[in-house]
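J.: sequence plus predicted model, see below.
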Amino acid sequence: MNGRNRMGHNKDSLKKKKCMRYLPVLCLMGCLTLLGGCGRTRENAQKQAEETEKEDVTYTVQREESSLAKWKSDLPEGKTEGVSAPAIRGLCVSMEGKPFFAVSYEPREYKNSFDCWAISVPYESMVSVDTEVMYDYFQMVADLELGRTENISRKQTGIEEGNRSIFVAYYEGQTEAGGQAQPDKGLLYQFGKEDGEGNYYVEAADQIWTVKKAAADELFALHPYDFVLKVVSIVSVETVSKVKIDTGEKEYVMEAEEGGFTFDGRAVDESVFYGLYTELMSIFIEKEIPEDGEGIGGEVLLRVTYQRNNKEAPQITQEYYVYDETYAVARVNETEFFLVSREAVEGLMGEIAGAF
């Protein structure tokens, strides 16, 4: 069984159905989680929105800094038996001596719980994470069966020349009820050569072990794209004060204030506001941009800018521009990784015009 199947990889149509089922909740309410450190109260959001409005805030494109490098250098080394899937707070898979995939739990005051996981490699923390797939992979790591070795030196194992590793940051005190947001232990698995009996040598917690070749190969057969929730981005409405929409021909403004909701200054019912807001999030990722990048740089179809009610929160700008007759490129805060349906973008533009 290959890595894609083991991780529960679904067809895109099934992922879209899952996204559609949960999207209104993610946009408007957030989700519950066993980890702490994310989210804020409505009272705090309103207070910070008022403070932000009073200040002359200049928004710049921001990149969220991953905690993994600090965790790898600072956390005390853990024990191999202490790792469980729910306890993991971050993970970095390196191949050819370079990070290939990195995901970590990054709570911020302005984030809702669903948005606290971030894929820093390769997606620069600019995508929403499919936590179901992520936890399936965490379980694969936790399920690694380590066999003891005797009378073998580190040099004989090939670990010194090895270029594959997995670093795990986890919370040692995790229970079924949950655990703290920050990890307190780190563990590095460094993989060496084969032992001739269907295993790889691996070093972890200052010991040399063996692991089944098939299990290790499966871990390194991961596809970062599988870990992406197939929506362009999700911005919780509770963190937004104003949405500016530019269709090229006309500009529109949605505003959320304590006194109510408006479209271009016209009062609207909250259900109308929330309905259109959810539609703005309903553009689904179809596939990654091909490596040859042909077609990049076409006409901008739609630009949506979310101004936040917290000065610490980054402004989010979603842009969609022509790739070819079938697809549009999705660009979020000047990063672009994915193609979406051009027809869906043009349909959204019609929904926007109709709402206003």
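T.: Structure received. Numbers count the residues shown, from 1 in each chain.
J.: quick one: end-to-end length of stretch 207-220, please.
T.: End-to-end distance for stretch 207-220: 21 Å, by C-alpha to C-alpha, to the nearest Å.
J.: ok, now stretch 112-131?
T.: By C-alpha to C-alpha, the extent of stretch 112-131 from end to end equals 14 Å.
J.: same deal with stretch 323-342?
T.: End-to-end distance for stretch 323-342, by C-alpha to C-alpha: 8 Å.
J.: got the contact list for the helix or strand encompassing Tyr189?
T.: Element membership for Tyr189 (DSSP states H and E) is strand 185-194. By C-beta atoms under 8 Å, 6 or more residues apart in numbering, the surrounding residues in contact with strand 185-194 are 71-72, 75-80, 82-83, 144, 157-162, 164-172, 200-205, 211, 213, 216. For the C-beta atoms, the positions are set from N, CA and C on the backbone; glycine is no exception.
J.: these in strands, which ones?
T.: Assigned to strands by DSSP state E, the following of the contacts of strand 185-194 qualify: 164-170, 200-204, 211.
J.: now restrict those residues to buried residues only.
T.: Buried residues within the ones in strands among the contacts of strand 185-194, counting neighbours by 16 or more other C-beta atoms under 10 Å: 164-170, 200-204, 211.
J.: dump those residues to JSON lines, plus pLDDT and distance to Ile285.
T.: Shown next, in JSON lines, are those (pLDDT from 0 to 100; distance: C-beta to C-beta, whole Å):
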{"residue": "Arg164", "pLDDT": "98", "distance to Ile285": "28"}
{"residue": "Ser165", "pLDDT": "98", "distance to Ile285": "29"}
{"residue": "Ile166", "pLDDT": "98", "distance to Ile285": "26"}
{"residue": "Phe167", "pLDDT": "98", "distance to Ile285": "28"}
{"residue": "Val168", "pLDDT": "98", "distance to Ile285": "28"}
{"residue": "Ala169", "pLDDT": "98", "distance to Ile285": "28"}
{"residue": "Tyr170", "pLDDT": "98", "distance to Ile285": "30"}
{"residue": "Tyr200", "pLDDT": "98", "distance to Ile285": "34"}
{"residue": "Tyr201", "pLDDT": "98", "distance to Ile285": "39"}
{"residue": "Val202", "pLDDT": "98", "distance to Ile285": "34"}
{"residue": "Glu203", "pLDDT": "97", "distance to Ile285": "38"}
{"residue": "Ala204", "pLDDT": "97", "distance to Ile285": "35"}
{"residue": "Val211", "pLDDT": "98", "distance to Ile285": "34"}
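J.: Ala267: which of the residues you listed is nearest?
T.: Ala169 (48.0 Å; C-beta to C-beta).
J.: may I see the buried residues of stretch 267-274?
T.: Buried residues in stretch 267-274, counted by 16+ other C-beta under 10 Å: Val268, Phe273, Tyr274.
J.: return the member of those nearest to Phe227.
T.: Top of the list for closeness to Phe227, among the buried residues of stretch 267-274 and by C-beta to C-beta, is Tyr274 at 28.3 Å.
J.: tell me which element that closest one is part of?
T.: Going by DSSP H and E, Tyr274 is part of helix 270-280.
J.: from the chain's centre, how far out does that helix sit?
T.: Chain-centre distance of helix 270-280: 24 Å, with C-alpha atoms, centre = their mean, to the nearest Å.
J.: only alpha carbons, please: show it as PDB.
T.: Extracted in PDB, the C-alpha atoms of helix 270-280 (Å, rounded to 0.1, in the frame of the first residue of the first chain):
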ATOM      1  CA  GLU A 270     -26.600  39.300   8.800                       C
ATOM      2  CA  SER A 271     -27.700  36.200   6.900                       C
ATOM      3  CA  VAL A 272     -27.100  38.000   3.600                       C
ATOM      4  CA  PHE A 273     -23.700  39.200   4.700                       C
ATOM      5  CA  TYR A 274     -22.700  35.800   6.000                       C
ATOM      6  CA  GLY A 275     -24.000  34.100   2.900                       C
ATOM      7  CA  LEU A 276     -21.900  36.200   0.500                       C
ATOM      8  CA  TYR A 277     -18.900  35.900   2.900                       C
ATOM      9  CA  THR A 278     -19.100  32.200   2.700                       C
ATOM     10  CA  GLU A 279     -19.300  32.300  -1.100                       C
ATOM     11  CA  LEU A 280     -16.000  34.300  -1.100                       C
END
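J.: burial count for Asp115?
T.: Counted with other C-beta atoms under 10 Å, residues neighbouring Asp115 total 23.
J.: quick one, strands of the stretch 251-356 of the chain?
T.: Shown for the stretch 251-356 of the chain, the strands assigned by DSSP state E, counting those that start in this stretch span residues 251-257, 260-263, 266-268, 285-288, 300-308, 316-322, 327-332, 335-341.
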